[in-house]
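Trainee: I'll drop the sequence and a predicted model, then ask my questions.
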Amino acid sequence: MPQPFGLAVRFFLRDGTETAFDRLVEETVEQIRAREPGTLVYVTHTVTGRPNERVFYELYRDEAAFEEHERQEHVLRFLEQREQYVERFEVDRLAAITGKGYEVDGR
């Protein structure tokens, strides 16, 4: 049985780019909702008290669904355009153990 695959991504934005970055993210997420059945969860967050930080939580049906996500035109556009807004970012690859809202071990 395929295992869910997740990412936690933290973006550190350049001063003054927050609104434009959030607009780019919203456009991208609209396409993810419409075109990516293997993307189970894709949630973007602000960080309280740190207006230049954003955290994305992404959960995919499996690693193949993530790889398919990475090939999508809307994702490639996001990756290209984010450079003008992002100072740096950190990515953590996550392997699900247990949770609510999806099955990890077939139970």
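Mentor: Nice, thanks for sending it over.
Trainee: and the longest helix along the chain, what does it pack against?
Mentor: In the chain, taking DSSP state H as the definition, the longest helix is helix 18-35. Applying 3 or more CB pairs under 8 Å, 6 or more residues apart in numbering; DSSP states H and E, we find helix 18-35 packed against strand 39-47, strand 50-60, helix 73-81. Every C-beta, even on glycine, is put in place using the N, C-alpha and C of the backbone.
Trainee: if you set the cut-off to 10 Å instead, what comes out?
Mentor: strand 5-13, strand 39-47, strand 50-60, helix 63-71, helix 73-81 (3 or more CB pairs under 10 Å, 6 or more residues apart in numbering; DSSP states H and E).
Trainee: Asp92: which of the ones you listed is closest?
Mentor: strand 5-13 (4.5 Å; CB to CB).
Trainee: list the buried residues for that closest one?
Mentor: The neighbour-count check on strand 5-13 (16 or more other CB atoms under 10 Å) flags 5-7, 11, 13 as buried.
Trainee: burial check on the closest residue to Arg10 other than its chain neighbours, number of neighbours?
Mentor: Leaving aside its sequence neighbours, Arg10 sits nearest to Glu90 (CB to CB, 6 or more residues apart in numbering; 4.7 Å). Using other CB atoms under 10 Å, Glu90 has 10 neighbouring residues.
Trainee: wait, what's in contact with Glu90?
Mentor: Glu90 is in contact with 8-12, 55, counting by CB atoms under 10 Å, 6 or more residues apart in numbering.
Trainee: what is the nearest of these to Glu36?
Mentor: Val9 (16.1 Å).
Trainee: quickly list what the closest one is bridged to.
Mentor: Phe56, Val91 (DSSP bridges).
Trainee: could you give the bridge partners of the residue nearest to Phe66 when sequence neighbours are not counted?
Mentor: Nearest non-adjacent residue to Phe66, counting by CB to CB, 6+ apart: Tyr60, 4.2 Å away. Tyr60 has the following beta-bridge partners by DSSP bridges: Phe5, Thr39.
Trainee: okay then, goodbye and thanks.
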